[in-house]
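A.B. asks: Any chance you can model this:
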Amino acid sequence: MGCSAGINTAMQDHLKIESQRLTGCTQSHLVDWSGALVHGAVVEPLNSLCQQAAQNGFDLRLCSSFRSFDRQLIIWNHKLSGLRPVFDDSGARLDLTQLSEWQQIQAVMRWSALPGASRHHWGTDFDIYDAAAVDADYQIQLVPEEVEGSGVFAPFHDWLDSSVLASADFYRPYAQDLGGIAPERWHISYRPVAENYAAQLTVEVLAERLASADLVYKETVLARLDELFQRYISVKN
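C.D. replies: Okay, here's the model as predicted:
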């Protein structure tokens, strides 16, 4: 996809965005980028970011890009059904059977988005790593220990902070701990498009999509959706 096509896609998105796009129920706005699905308007900026990284000795790769509503629903249901682990802030596995439904929901949302509310639905947000820093068989964990201090990907993220993100259109939506989603240094977002999606994703749009979903603890989620939205979804970083 050329630059003009990307710009046209971005301009179209500044009109009203259909709820299917906002909540991850369509791929109509996406194109293939190195085997990953990304928003059409992000292709050229992403290419530029990768080129800058390469010039500085880093090999920027995506370990997560677009994620559909159905995929996010599986992650959510598996975590709240005990099929996937849920961890606390220290990295210890939580025993969800000792928590109320509301506490379990909050524990999951500390690290995983509610289906329909993931920024990965938009194709503007990516979990990234430096492939040059590890062997091909390295299993990426996406944990703070990898990206901070002496972590294997820390030099890459330090470079991003010092040389790129301060002046570029990419930024970290979860850079600070505001009491909702835990900081995710590996998560970057293309601001010019993502901010428009974020502005149009409302409690009402989300509630309508979740009402028909086979969501674990759906009644509790819908009853407290306003609170969840303000704490975990309406990010102001």
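
A.B. asks: going forward, measure contacts between C-alpha atoms and count neighbours the same way
C.D. replies: Fine.

A.B. asks: ok, how many other residues are close to Gly179?
C.D. replies: Residues lying near Gly179 (other Cα atoms under 10 Å) number 10.

A.B. asks: measure Ser62 to Trp33 for me?
C.D. replies: Wrong residue type there; residue 62 is Leu, not Ser. As for Leu62, its distance to Trp33 is 10 Å (criterion: Cα to Cα, to the nearest Å).

A.B. asks: now do Ala194
C.D. replies: Using Cα to Cα, Ala194 is found at 18 Å from Trp33.

A.B. asks: When the two are compared, which one has more neighbours?
C.D. replies: Ala194 (22 against 17).

A.B. asks: residues touching the more buried one, list them.
C.D. replies: 119, 122, 124-125 (Cα atoms under 8 Å, 6 or more residues apart in numbering).

A.B. asks: do that again at 10 Å, thanks
C.D. replies: Residues counted as contacts of Ala194 (Cα atoms under 10 Å, 6 or more residues apart in numbering) are 10, 13, 39, 42, 119-120, 122-125, 170, 173.

A.B. asks: Mind checking which of these land in strands?
C.D. replies: Members of the contacts of Ala194 lying in strands (criterion: DSSP state E): 39, 125, 170.

A.B. asks: bridging residues for the second one?
C.D. replies: Read that as Asp125. Under DSSP bridges, the beta-bridge partners of Asp125 are Ser189.

A.B. asks: Surely Ser19 is in contact with Ala117?
C.D. replies: No: if you go by Cα atoms under 10 Å, Ser19 and Ala117 don't touch, sitting 11.1 Å apart.

A.B. asks: so what sits against both of the two?
C.D. replies: 201-202, 205-206.

A.B. asks: Make a markdown table out of the residues you listed and add neighbour count and secondary structure.
C.D. replies: Shown next, in a markdown table, are the shared contacts of Ser19 and Ala117 (neighbours: other Cα atoms under 10 Å; DSSP: H, G, I helix; E, B strand; the rest coil):
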| residue | neighbour count | secondary structure |
| --- | --- | --- |
| Leu201 | 21 | coil |
| Thr202 | 17 | coil |
| Val205 | 17 | helix |
| Leu206 | 20 | helix |
